[in-house]
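Undergrad: Compute the structure for the input listed below.
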Amino acid sequence: QVQLVESGGGLVQAGGSLRVSCGVSGRTFRTYGMAWFRQAPGKEREFVSAIDWYGARTYYADSFKGRFTISRDNAKNTVYLQMNSLNPEDTAVYYCAAGTRYGSRESGQYEYWGQGTQVTVSS
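TA: Numbers count the residues shown, from 1 in each chain. Got it, this is the predicted structure:
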């Protein structure tokens, strides 16, 4: 059983930065493509970023290119999302997801999900 646990969310002022993390249980972490999605109040869950098994390929939704950076440390079974230049529209619950494929922007392609971590950006 694969379990994902996000951490690092919190309250940050507009223009600030935050790094959220996702720890993954199990010895097969490096066989999973990882992704971050987010869901703001009253909105559908949206794709943020994805990364391949070894961290060599990364994918971003257009609205996050240049501001957010995804990375992973397979030795620590952890994937990260560094978020810079945050604005109030980035307020959402951020979810990490794992799947046997990588790079997909479709939530249905990911088999495992964390419980989410709240990120709130104040103006």
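Undergrad: What are the boundaries of the helices in this protein?
TA: Counting by DSSP state H, one finds no helices in the chain.
Undergrad: Centre-most residue in it?
TA: The centre of the chain sits closest to Trp36, judged by CA atoms, centre = their mean, with a distance of 2.6 Å.
Undergrad: can I assume that residue is in contact with Cys96?
TA: Yes - the pair Trp36 and Cys96 qualifies as a contact (CB atoms under 8 Å) at a distance of 5.6 Å. Bear in mind the C-beta positions are built from the backbone N, C-alpha and C, glycine included.
Undergrad: Need the overlap of contacts for these two.
TA: Counting by CB atoms under 8 Å, 6 or more residues apart in numbering, the contacts common to Trp36 and Cys96 are Cys22, Val79, Leu81.
Undergrad: how many neighbours does the first one have?
TA: The number of residues packed near Cys22 is 25, by other CB atoms under 10 Å.
Undergrad: That one is in contact with Thr78, isn't it?
TA: Yes - here Cys22 reaches Thr78: they are 6.5 Å apart, a contact under CB under 8 Å.
Undergrad: re the thing from before, list the contacts of the residue nearest to the centre of the chain.
TA: Val20, Cys22, Val48, Ser49, Ala50, Ile70, Val79, Leu81, Tyr94, Tyr95, Cys96, Ala97.
Undergrad: can you tell me which residues contact the nearest residue to Thr31 once chain neighbours are set aside?
TA: Distance criterion CB to CB, 6 or more residues apart in numbering; nearest residue to Thr31, sequence neighbours excluded, is Trp53 at 6.3 Å. Taking CB under 8 Å, 6+ apart, we find Trp53 in contact with Arg30, Thr31, Tyr32, Gly33, Tyr102.
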